[in-house]
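Q: compute the structure for the input listed below.
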Amino acid sequence: MGNLSRKQVLALLGGALTSLAFAGLSGCSGGEPGVAENSDTEAGTPSGGFPYTVDTPIDNVRSDATFGSWGRLLFPVDKGFMSGNTLGALNLTWYSCIDPNKTVEICNYLHDQAASGAQVLYDIYSDDEKAANSDKGDTGLFFFQGEKDAPFAIWSAGGGFAYVAAMHDSFPHALELSKRGYNASAVVYRPGAQTACEDLSRAISFVFDHAEELGVSIDGYLLGGGSAGARMSAWVGGYGTAAFGEPGHPQPIAVVTQYTGLSEWQESDPATFANVGTSDPIANWRVMQERTDEMSSAGIPTEFHVYQGLRHGFGLGTGTEAEGWINQAVAFWEAQR
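A: Residues are numbered from 1 along each chain as shown. So this is what the prediction gives:
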């Protein structure tokens with residue numbers, strides 16, 4: 001990168017991702033766009049009084065009074081990056097393998113939590129900060145509670161630094177981690193490489209400052225993300241929160257990076273787990289493998305997985321060769337603790 005500053009590097013890389021906005025990527029290994037192969041949408045019909053099914057209009061979820069004013073943050077604030085009118089038909093720009101059953105599960109889980117009085121969304125900025133910068137009003141930390149005093153993880157969705165694809169690229173990961181007992185959060189951030197890293201850093205500060213209230217352990221935490229969210233996690237994990245305007249908190253013990261073409265690294269980077277598909281036109285698997293190989297040679301613990309035929313943005317990889325990778329990532333995290 002020559003003599004470019006870190007801020008210039010982030011801006012250039014963020015712009016490169018955003019320029020891909022018209023690629024219109026969709027589909028899962030050539031399958032139907034926005035629907036995981038072999039998925040059974042009827043299985044998404046909830047039982048036990050849950051309100052949402054695959055046929056529920058997305059706008060009904062957004063406006064559900066149970067969520068109050070934050071229901072709008074469940075899906076991209078900029079609707080230009082999504083299509084489909086119902087939960088089962090949701091499609092997101094650049095993403096594949098969107099599992100409609102998981103979308104329904106997440107919406108019902110969050111509805112159940114909110115209806116029971118649990119706090120689901122935490123503001124990471126004060127009212128004064130949001131009044132001074134209205135863009136900060138579209139941020140927050142969605143909390144998926146695990147066991148008391150268990151370690152915490154923060155997941156960042158991708159979206160080319162143009163939007164936040166949380167419903168597919170961070171909510172599912174956070175929910176699955178919480179099922180395993182971990183306290184997991186998904187950050188909704190401001191688009192833009194610099195602002196995204198600032199918001200992730202603020203989210204980390206929030207958790208450290210409110211660890212007792214949240215019931216989490218701050219020791220050996222994890223950062224993870226896909227695409228742009230992976231870059232955020234790698235940058236904040238490596239450079240540290242102080243580089244983005246926050247107090248200097250300890251680094252994460254590990255970082256998970258999904259499908260990002262990031263090639264830069266430094267010897268102070270945390271242990272890194274990475275995965276990607278061979279048919280990803282945005283994140284070249286060879287670039288990712290070369291990065292992890294170089295890090296490993298420098299003594300940084302790494303683990304790399306590549307999946308034949310998968311395209312960009314496969315998330316949890318439901319119904320694909322990648323399904324279950326989250327268990328490998330958790331094992332890698334625990335091995336560093």
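Q: what average pLDDT does stretch 86-96 get?
A: For stretch 86-96, mean pLDDT is 96.
Q: ends of that stretch, what's the gap?
A: 17 Å (C-alpha to C-alpha, to the nearest Å).
Q: work out the gap between it and the centre of the chain.
A: Here the centre of stretch 86-96 is set off from its chain's centre by 15 Å, with C-alpha atoms, centre = their mean, to the nearest Å.
Q: and stretch 294-309, by the same measure?
A: Taking mean C-alpha positions (C-alpha atoms, centre = their mean), stretch 294-309 and its chain are 20 Å apart.
Q: for the helix or strand containing residue 335, packing partners?
A: Under the criterion DSSP states H and E, the helix or strand holding residue 335 is helix 325-336. Under the contact criterion of 3 or more C-beta pairs under 8 Å, 6 or more residues apart in numbering; DSSP states H and E, helix 325-336 touches helix 171-179, strand 216-226, strand 254-258, strand 271-277, strand 302-307. All C-beta spots, glycine's among them, are computed from the backbone N, C-alpha and C.
Q: deepest-packed of these, please.
A: Neighbour counts (mean count of other C-beta atoms under 10 Å) averaged over each of the helices and strands packed on helix 325-336 peak at strand 254-258, with a mean of 29.
Q: can you tell me what sits against that one?
A: Strand 254-258 has contacts (C-beta atoms under 8 Å, 6 or more residues apart in numbering) with 222-227, 229-231, 233-234, 237-238, 269-276, 288, 301, 329, 332-333, 336.
Q: turn the helices and strands packed on helix 325-336 into CSV, including mean pLDDT and distance to residue 110.
A: As requested, these are exported to CSV (pLDDT from 0 to 100; distance: least, C-beta to C-beta, whole Å):
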stretch, mean pLDDT, distance to residue 110
helix 171-179, 98, 8
strand 216-226, 98, 19
strand 254-258, 98, 22
strand 271-277, 98, 26
strand 302-307, 98, 29
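Q: dump the ones you listed into TSV; add distance to residue 81 as well.
A: Listed next are the helices and strands packed on helix 325-336 as TSV, based on distance: least, C-beta to C-beta, whole Å:
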stretch	distance to residue 81
helix 171-179	16
strand 216-226	15
strand 254-258	18
strand 271-277	21
strand 302-307	24
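Q: and the helix holding residue 335, how far out from the chain middle?
A: 16 Å.
Q: quick one: it to helix 171-179, angle?
A: 50 degrees (axes from the mean of the first three to the mean of the last three C-alpha atoms, to 10 degrees).
Q: flag every buried residue along helix 325-336.
A: Within helix 325-336, the residues that qualify as buried by neighbour count (16 or more other C-beta atoms under 10 Å) are 325-326, 329-330, 332-333.
Q: quick check: what element follows the helix or strand bottoming out on mean pLDDT in the chain along the chain?
A: Within the chain, no helix or strand scores below helix 6-18, which has a mean of 44 by mean pLDDT, DSSP states H and E. Scanning forward in sequence from helix 6-18 by DSSP H and E, the next helix or strand is helix 58-62.
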